[in-house]
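In: Kindly generate the corresponding structure for this input.
(chains A and B)
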Amino acid sequence: QTVVTQESSLSVSPGGTVTLTCGLSSGSVSTSYYPSWYQQTPGQAPRTLIYDTNTRSSGVPDRFSGSILGNKAALTITGAQADDESDYYCVLYMGSGSWVFGGGTKLTVL
Amino acid sequence: EVQLVESGGGLVQPGGSLRLSCAASGFTVSRNYMTWVRQAPGKGLEWVSVIYSGGGTYYADSVRGRFTISRDNSKNTVYLQMNSLRGEDTAVYYCARGVAAAFAFDHWGQGTLVTVSS
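Out: Numbers count the residues shown, from 1 in each chain, chains lettered A, B, ... in the order given. So this is what the prediction gives:
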């Protein structure tokens, strides 16, 4: 059973930089997993931020960036704003037509 | 403008069935892969099923054999037939459009709530 790991919670100061990570319980995340990132506020549908490791979705500001850091996928937010306070989910493509989401990271801006 | 509108959710008893619909506009579902993702109350996102442009379908282990994804090209709509429903299927169900060659999802519907309870 593949488990995708994310920090359960993180905090960042307004204007600061924070990096969220997305790993595997066994093994390393590479671009071959096509990591993507989604932002969700309570009661709302997810919003696509990043796909294919580092491609920003349409309309996403460039303070959101994606990368591979070590053996994990990463989402970095620079110049954090109050409305970045959300839940963030990564998802990895496992091949054979299946995806696995991470458990999500609750980001607090304070 | 791309839009996805889910419908068909509601209250159903354990063991019952429900069919969800995802009506698309602004693009053609048969030219994209389409997926269903669910979110149990207070929990994270869980991938459920995908239908590819070629018609191939895949399912999460948790729903395989009970759920069936399909589409009606004439109505530009994707469906999720859910049978033998269990309490753990209670969730908001979202449909989403796939990003070509990127194995990700770019547009999402607003979701429809399915509650399985007696």
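
In: Please tell me I have it right and B:F105 contacts B:C95.
Out: No. At 9.3 Å, B:F105 does not count as touching B:C95 under the criterion of C-beta atoms under 8 Å. Bear in mind the C-beta positions are built from the backbone N, C-alpha and C, glycine included.

In: who's more crowded, those two?
Out: Relative neighbour count places B:C95 above the other of B:F105 and B:C95, with 32 against 26, counting by other C-beta atoms under 10 Å in any protein chain shown.

In: List the buried residues of the helix or strand hosting that one.
Out: Following DSSP states H and E, one finds B:C95 within strand B:91-99. Using 16 or more other C-beta atoms under 10 Å in any protein chain shown as the burial criterion, the residues of strand B:91-99 that qualify are B:91-99.

In: what number of residues lie near residue 42?
Out: Reading this off chain A. Using other C-beta under 10 Å, A:P42 is surrounded by 6 other residues.

In: Not quite, go with chain B.
Out: For B:G42, the number of neighbouring residues by other C-beta under 10 Å comes to 5.

In: mind listing what it touches?
Out: When contacts are counted by C-beta atoms under 8 Å, 6 or more residues apart in numbering or on different chains, B:G42 touches no other residue.

In: Skipping its backbone neighbours, what lies nearest the residue located most distally from the centre of chain A in space?
Out: Relative to the centre of chain A, the most outlying C-alpha is that of A:S96, 22.3 Å out, by C-alpha atoms, centre = their mean. If you skip the residues right next to it in sequence, A:S96 has B:Y58 as its closest partner in space, 7.0 Å away by C-beta to C-beta, 6 or more residues apart in numbering or on different chains.

In: Ok, A:Y38 next?
Out: Nearest in space to A:Y38, with sequence neighbours left out and distances taken as C-beta to C-beta, 6+ apart, is A:P46 at 4.1 Å.

In: quick one, what contacts that neighbour?
Out: A:38-40, A:89, B:37, B:45, B:94, B:96, B:105, B:108.
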